[in-house]
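Q: Turn this into a structure:
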Amino acid sequence: MNADARGEEDKALAARAAVAEIADGMLVGLGTGSTAAHAIRALGGRVATGLSVRAVATSRASEAQARGLGIAMLDFADVPRVDLTIDGADEIDGRLYAVKGKGGAMLREKLVAAASDRMVVIADAAKRVAAIGAVPVPVEILPFARASLLSTLGAGAVLRMADGSPYVTDNGNLIADCRLDLTDPRATAAWLDGIPGMLGHGLFLDEVDAAYIAAGGVVSRLERAGASR
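A: The predicted structure follows:
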């Protein structure tokens, strides 16, 4: 098995471990991206065998996948609280600090995570790092202020493109992928939060309660000590 296939198999194993936390009657948050898609697939399998749940999705793509698998979907706009959210990550470290947003949905993902009693991240070993900071941090920005926001974010900020045009999120905004100093992630997050027109970013520092990480066919779980929020 080559490295890519092994990675996909590990993602699927981690997804199945996380989906095992879902109990009958729960309202579940579904993340976005290639790893989260494994969790949606695993949940669809459990629904097909009788599990009764409802779910909200963090993107149109995830909602379409879930509906296609027979998962009952709700509009998050009408949902005050979520029992459990399962999502992927671009990086995650032992503090359960994560960088998210490669799939372009980090703003919706953070909103759903904030409304969740528990958030679980699933990943293969390649996403487990000693400390976050090797990958760009996606930042969702208001199109009206594109040039000024890119200037404020600095030389390490690059507008995300898709097929030769700026990538547009489900919210109608743009994404800047930013190389940032994450020596002090909380200070960097606070700086981003204070920029007018910066609508959301991919630093998840308090949202993740646990992570299932698979390496070589073996799944391990990291659990945050104490309440994160």
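Q: mind listing the helices for this structure?
A: With helices called from DSSP state H, the chain shows them at 3-19, 34-48, 60-68, 106-114, 146-153, 185-193.
Q: Okay, buried residues for the one helix or strand in the chain whose mean pLDDT sits lowest please.
A: Within the chain, no helix or strand scores below helix 3-19, which has a mean of 91 by mean pLDDT, DSSP states H and E. For helix 3-19, burial by neighbour count (16 or more other Cβ atoms under 10 Å) applies to 6-7, 9-19. C-beta here means a position set from N, CA and C on the backbone, and glycine is covered the same way.
Q: check contacts around the residue nearest to A37 when sequence neighbours are not counted.
A: Residue nearest to A37 in three dimensions, not counting chain neighbours: Q65, with 6.2 Å by Cβ to Cβ, 6 or more residues apart in numbering. The neighbours of Q65, taking Cβ atoms under 8 Å, 6 or more residues apart in numbering as the test, are 37, 40-41.
Q: tell me which of these is nearest to A155?
A: A37 (33.7 Å; Cβ to Cβ).
Q: Count the residues that sit near that closest one.
A: 21 (other Cβ atoms under 10 Å).
Q: now do the one 5 residues further on
A: For A42, the number of neighbouring residues by other Cβ under 10 Å comes to 23.
Q: Quick check: it touching A12?
A: Yes - counting by Cβ atoms under 8 Å, A42 touches A12, with 7.4 Å between them.
Q: coming back round to it: ok, so of the buried residues of helix 3-19, who is nearest A125?
A: For these, the nearest to A125 is D10 (6.5 Å; Cβ to Cβ).
Q: got the domain boundaries for the chain?
A: Here the domain assignment for the chain is 3-130+205-220, 137-200, based on automatic domain parsing.
Q: Kindly compare burial across these and name the winner.
A: Burial of those is given as mean neighbour count (mean count of other Cβ atoms under 10 Å); domain 3-130+205-220 ranks first at a mean of 20.
Q: For that domain, measure first residue to last.
A: 19 Å (Cα to Cα, to the nearest Å).
Q: ok, and the closest non-adjacent residue to D117?
A: Closest to D117 by Cβ to Cβ, 6+ apart is D83, at 5.5 Å.
Q: Nearest to L27, out of the helices of the chain?
A: Closest among those, using Cβ to Cβ: helix 106-114, at 10.7 Å.
Q: Relative to the whole chain's centre, how far out is that closest one?
A: 8 Å (Cα atoms, centre = their mean, to the nearest Å).
Q: angle of it against helix 34-48?
A: 50 degrees (axes from the mean of the first three to the mean of the last three Cα atoms, to 10 degrees).
Q: From the contact counts, what lies against helix 106-114?
A: Judged by 3 or more Cβ pairs under 8 Å, 6 or more residues apart in numbering; DSSP states H and E, the packing partners of helix 106-114 are strand 82-87, strand 137-141, strand 198-201, strand 203-204.
Q: what helices or strands is the first one leaning on?
A: Contacts defined by 3+ Cβ pairs under 8 Å, 6+ apart place strand 82-87 against helix 3-19, strand 27-30, helix 34-48, helix 106-114, strand 116-124.
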